Structure formats: structure tokens, C-alpha cells
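Chemist: need coordinates for the following:
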Amino acid sequence: MDPIQSLLDLIHQTGARCRLFDMGRRVSKVSAEVFARVEQGQAAYPLPYLHHAWVGLLLWHPKESDRNAVWFLKLPLDEQGYLIQAVRDDLLQRLLKNISGLLDGGPDALKDNPFSFKPDTEKMAIFHAHANQALGLPASRHYEYAQHYFAGQLGFDQWPNLGQQGIADLVVRLEKGNNEALLIGAIESLPDEPLRALCCALEHVEPGHRLMQALQPRLNRCLAQDTDDQGMLAALVRAASNSRSETLRRAWLAQVLASERAQETEVLVALATRCCDSLKDPALLQVFLERLAAGETGQNGFSRILADLMFMPTLRRPIMEAFRNPDRSDTLSAAIGAMFGSNFSS
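Modeler: So this is what the prediction gives:
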């Protein structure tokens, strides 16, 4: 048996196949090749969140399905976003101590493991939808109900019976059959509650141009409101955050940032945690920073959100450049000074 030098080595030697998912900002696939380089300290983790790598591992044995297992691991990263090697070694030792559970695919593999975590119900639903697809298994029993609901066959007032798992199964299978068309036809008539749930599920896939166009009137209506919308605007931001149409996505975010409602805490958090790729755009980033500095999160929120964003290699330089913009407002300058000290260079 070859010496075990990494988590992937260990999994391979159990005879399991492995599919990896990032579980941080959204549920997305991570290639084994990328994760192998992260494990060996050859690359930073590409999707850090709160200074950790949040990883979901789907382990399966094609001929012994009773040994299949799911692991969720939260691994701390160093200041440059690299996996701390001592943590990786500690994790391996803990897993080897529970080798019987590991080989059997049982829950004991992560017994008393400080690096394990439990995802929230929304991410868990999306993960299970992806897992069933990867294993060639049918969707959950909630899938068919979701299809009938969004087709308008049950009455849109029947949303209390709509399970989160059914919505997850539907969006993960967005391009199958007429699923996308069902959603496009339903959006205008959906009550707020199922629309919010749908939007929050869409962030985990890549909604196309037609689906985003169908959501546009709901965004316009939401921005025209001055009253609390119970998180609807934040949910719409999340829905747009991973759209495959970059032009449309940036136009949406520019529209949101032009509104005073962009200073609301939940909207700012959605922009910061879900729209990282779009914030690489200097114009969007500058307006976002101004809204954040003047927003409801206050100085503590400003500092914490920026500390997380600046941990991402692709955003650190653009943020520092935006901080030095001579046209920045006094409000933003004060927030930067409070975060870094009054000696921050302009």
C-alpha cells in the first residue's frame, strides 16, 4: 500500500470514488486536480469563505452502495489562503484512528472530528440534488410536486406544501425537459415566499438570460418599495449573482447599487458574499464600497466584510486600488481610516 500523504490518497485507498463541492458562499463543484494541489500546498484554495475552505465530499463505491458516505469539512487557511499543512496532517491522523468507520462508509469516520460541520438546510438540499445526479439516482419525491407547482397546476397559493428539496432538485435540473420554461412562466404570479426560496436556490446554478429577464419586473417592483420586503431584494441579488450572462448580471447589480436600499444590511451581505466575481469590476466595486461605508452594517460590518473579501486573491488588489481613489467620499475615507488607522496611505 502506498504511503498516505493526503486526504485524496486516503479516500482512494479505501476504494471509493470522490466528488468534491465547495460549500462556502454557494454550492459549486471543485475538481479533484485543484483540490490535490491545495492539499499539497501548491495552490491557494480558490473559494475561501471566512478564512476557511468549506468542502463537501461525496464518496461512493459503485458495487457497494451501502458504503457510500458524505463528509463536510471546514479547513482553516493561512493568511495567503493556503491550507495549513499541520491541519491537513491532523485531519489525516484523526481519520486513520477511525479507520473502521472510514472503510465501512459509516458515520464514525468523522466522530469527534473538530473539522466537520453541518451545512444549513438550503445548501444541504442543493448538495443532495447534485449527489443524486452524480450517482445516477432519481430526484427526491419532492421534485414532481415542484414541477406541478411551478407549472401552475396546483394553484400558487399551495406554496406551503412546496419542499425546499423539490426546489433544489428543479434548479439543479434546470436544463432538463421544460423546467426552465416552467419557472419563467410562473415567476410573475409567484407569492413572495416561494419566489424568495427559488431565488436563493438559483444562486447555486447558472441561470440564463431568459430566466433573469423574467425576474426583472420583480426586481423593479422591489426597488420601487420603501418598506421592508422580508429579504426579497437580497434574494433577487443572490439569484443574479451566478448568472451566466455577465452583462446582464452587472446591469442588475448596478441597478441595485444605484438604489438607497443597497445600504440595507441583508442586501449588503448578499452583495459581499455572493457577488465576488462581479465586484472585480472597478466601477461596481467603488459604488459597493461607498454603500457599505454608509450602510446599516456600521463600522464593524464594514471592517468584517472587507477583511473577508480582501482574503480573496482576486479582490485584494482591486479593493486596495479603490481605497486609494482620490474621488472617494469622506464617509468612505473615514471608514477606511477606522479600519486601518489614520495613517492609511491615499
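Chemist: now the helices for the stretch 51-200 of the chain?
Modeler: Listed in chain order, the helices of the stretch 51-200 of the chain (DSSP state H, counting those that start in this stretch) span 85-97, 99-104, 121-134, 142-150, 164-172, 179-186, 192-202.
Chemist: return the distance of the fourth one from the chain's centre.
Modeler: Read that as helix 142-150. In terms of Cα atoms, centre = their mean, to the nearest Å, the centre of helix 142-150 is set 24 Å apart from its chain centre.
Chemist: okay, now Gly203: neighbour count?
Modeler: Rather than Gly, residue 203 is Glu. 27 (other Cβ atoms under 10 Å). Yep, even glycine has a C-beta here, placed from its N, CA and C like the rest.
Chemist: how close does the nearest residue to it once chain neighbours are set aside get to Leu306?
Modeler: Nearest residue to Glu203, sequence neighbours excluded (Cβ to Cβ, 6 or more residues apart in numbering): Arg238, at 4.2 Å. Going from Arg238 to Leu306 by Cβ to Cβ, to the nearest Å gives 20 Å.
Chemist: which one's more surrounded, these two?
Modeler: The neighbour comparison of Arg238 against Leu306 (other Cβ under 10 Å) goes to Arg238, with 24 against 21.
Chemist: the helix or strand encompassing the more buried one: what's the following helix or strand?
Modeler: Using DSSP states H and E, Arg238 falls within helix 232-240. Per DSSP H and E, the first helix or strand lying C-terminal to helix 232-240 is helix 246-257.
Chemist: by contact count, what packs against that following helix?
Modeler: Under the contact criterion of 3 or more Cβ pairs under 8 Å, 6 or more residues apart in numbering; DSSP states H and E, helix 246-257 touches helix 209-223, helix 232-240, helix 265-274, helix 282-294.
Chemist: now do it: distance to the chain's middle.
Modeler: Offset of helix 246-257 from its chain centre (Cα atoms, centre = their mean): 18 Å.
Chemist: what residues sit buried inside it?
Modeler: Using 16 or more other Cβ atoms under 10 Å as the test for burial, helix 246-257 gives Leu248, Arg249, Arg250, Trp252, Leu253, Val256, Leu257.
Chemist: doesn't Gln286 make contact with the last one?
Modeler: In this case it means Leu257. No: assessed by Cβ atoms under 8 Å, Leu257 is found out of contact with Gln286, at 9.6 Å.
Chemist: quick one: contacts for the residue nearest to Glu203?
Modeler: For Arg238, the contact set (Cβ atoms under 8 Å, 6 or more residues apart in numbering) comprises Cys199, Cys200, Leu202, Glu203, Ala270, Arg274.
Chemist: relative to Gln263, how far out is the third one?
Modeler: Okay, so that is Leu202. From Leu202 across to Gln263, the span is 24 Å (Cβ to Cβ).
Chemist: for the two, work out which one has more neighbours and name it.
Modeler: Comparing Leu202 with Gln263 by other Cβ under 10 Å, the one with more neighbours is Leu202, at 25 against 17.
Chemist: correct me, but the more buried one touches Ala235?
Modeler: No: look at Leu202 against Ala235 with Cβ under 8 Å: they stay out of range, at 9.1 Å.
Chemist: who are the neighbours in contact with Leu195?
Modeler: So Leu195 contacts Ile187, Arg218, Met232, Ala235 (Cβ under 8 Å, 6+ apart).
Chemist: for burial, what's the neighbour tally of the last one?
Modeler: Ala235: 25 surrounding residues under other Cβ under 10 Å.
Chemist: pLDDT at it, what is it?
Modeler: The per-residue pLDDT reported for Ala235 equals 97.
Chemist: I'd say it and Glu193 touch.
Modeler: No: between Ala235 and Glu193 there is no contact under Cβ under 8 Å: 10.4 Å.
Chemist: where's Arg88 relative to Leu20, distance?
Modeler: Arg88 sits 15 Å away from Leu20, going by Cβ to Cβ.
Chemist: thinking again about what came up before, looking at the helices and strands packed on helix 246-257, which is closest to Arg25?
Modeler: In terms of Cβ to Cβ, the element of the helices and strands packed on helix 246-257 nearest to Arg25 is helix 265-274, at 5.4 Å.
Chemist: how far off centre is that closest one?
Modeler: For helix 265-274, the separation from the chain centroid amounts to 12 Å (computed by Cα atoms, centre = their mean).
Chemist: who's in contact with Lys118?
Modeler: Phe72, Met124.
Chemist: again, 10 Å this time
Modeler: Phe72, Lys74, Met124 (Cβ atoms under 10 Å, 6 or more residues apart in numbering).
Chemist: correct me, but the second one touches Val55?
Modeler: Yes: in this structure Lys74 lies within contact range of Val55 using Cβ atoms under 10 Å: 7.8 Å.
Chemist: any common contacting residues for the two?
Modeler: Common contact partners of Lys74 and Val55 (Cβ under 10 Å, 6+ apart): Met23, Gly24, Phe115, Phe117.
Chemist: surely the second one is in a strand?
Modeler: Read that as Gly24. No: using DSSP: H, G, I helix; E, B strand; the rest coil, the secondary structure at Gly24 is coil, not a strand.
Chemist: for the spatially closest residue to it that is not a sequence neighbour, list each beta-bridge partner.
Modeler: Leaving aside its sequence neighbours, Gly24 sits nearest to Tyr49 (Cβ to Cβ, 6+ apart; 3.2 Å). Beta-bridge partners of Tyr49, counted by DSSP bridges, are His52.
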